[in-house]
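**Student:** Need coordinates for the below:
(one chain, ligands or ions: 1)
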Amino acid sequence: MQTVTRFAPSPNGHLHLGHAYSAIFAHDIAKSASGRFLLRIEDIDRERSRPELSDEFRRDLEWLGLEWDEVPAQSTRFASYNRFLTEVLREGGRIYPCRCTRTEIAAAAKKSGPDGPIYPGTCRNADIDPLEENVTWRINVERSRQLQPEIVDLSWTDEVEGEQIADPDLFGDVVLMRKDGSPSYHLAVTLDDAVDGVTLITRGKDLFPASHIHRFLQAVGGLPVPRWHHHELLLDETGKKLAKSRNSPSLADRRLSGENGLMLAEQLRLQQLPVGT
Ligand code: GLU
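**Tutor:** You can find the predicted model right below:
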């Protein structure tokens, strides 16, 4: 089977060294296996996405010497998220509408997970008309397990950490579709990785927990199961994760100041941060 990897940036901020490392990582794995490296713009967040950044990202990747095939941006796929939700996941009540606000959830939640408070299930058995507007759609983890007993103890493989058993309860009944009709990260990324034929999902270790719920959603939705490789995160000199919010220059700043992108890519392959990061 051909190896297909992807880099999936969100155009709500400039790319930084950590993104460059992640893109090079995915690119090199695909190229060394004569596979395909995909670029997918993850612009589901209509308020925070800035369309001009997508072009900037393409110039940044080109400057680093990467070659890719681009697949459609998430903003063009809203109909497919909707279809997947209504035609596949809604079957048998595996999702449910919810009216709770963030404040209500924060007040009622007993546990917290990687995305914040775990939904306490307030609307799970409420009688809400599915056609009602302004509802959020959530996965019903418990009901999905009852309907498909085989999805208990699902395994997935991280190339570094080895075999894992999916633990969807880490997240609970996560949001799949928001009140404004936009999909959540978990829904969009899970469906798109399947549709785009991604065989190896590479991303930073900070997203390791998300793969537990993605593996569960794949099983509920009857999607193919890829492998994962959660890579190390580049750390700054104080040992903290390099983040968008940090004041280090963006890739675009570096490119426009005349820095050599190919040399930078070589340093990152050796996990070396350039001087003056
Ligand atoms: N769009 C996500 C981000 O920019 C990437 C998610 C992923 O690789 O699964 O953080």
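**Student:** Could you list the residues in contact with stretch 174-186?
**Tutor:** Identification of contacts with stretch 174-186 by C-beta atoms under 8 Å, 6 or more residues apart in numbering yields 42, 44-46, 74, 78, 81-82, 85, 89, 95, 98, 115, 119, 134-139, 171, 187, 191, 210, 213-214, 217. No exception for glycine: its C-beta is placed from N, CA and C like everyone else's.
**Student:** Can you select the buried ones from those residues in PyMOL?
**Tutor:** Typed into PyMOL, the line below selects the buried ones among the contacts of stretch 174-186, using 16 or more other C-beta atoms under 10 Å:
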select buried, resi 42+44+74+78+81+85+89+95+98+115+119+135+136+137+138+139+171+187+191+210+213+214+217
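**Student:** Residue 27 sits in which helix or strand?
**Tutor:** For residue 27, the host element (DSSP states H and E) is helix 17-32.
**Student:** So for the next helix or strand after that helix, mean pLDDT?
**Tutor:** Sequence-wise, the next helix or strand downstream of helix 17-32 (DSSP H and E) is strand 36-39. Averaged over strand 36-39, pLDDT sits at 98.
**Student:** Then stretch 205-223?
**Tutor:** What stretch 205-223 shows for mean pLDDT is 97.
**Student:** Could you shift the numbering so residue one becomes 821, and keep it that way?
**Tutor:** Yes, from this point I'll number from 821; that puts the last item at stretch 1025-1043.
**Student:** which of the residues in that stretch are buried?
**Tutor:** 1028-1041, 1043.
**Student:** What of stretch 1010-1024?
**Tutor:** 1010-1014, 1016, 1018-1024.
**Student:** Which members of the contacts of stretch 994-1006 additionally contact the ligand?
**Tutor:** Checking the contacts of stretch 994-1006 against the ligand by C-beta under 6 Å from any ligand atom, the ones in range are residue 862.
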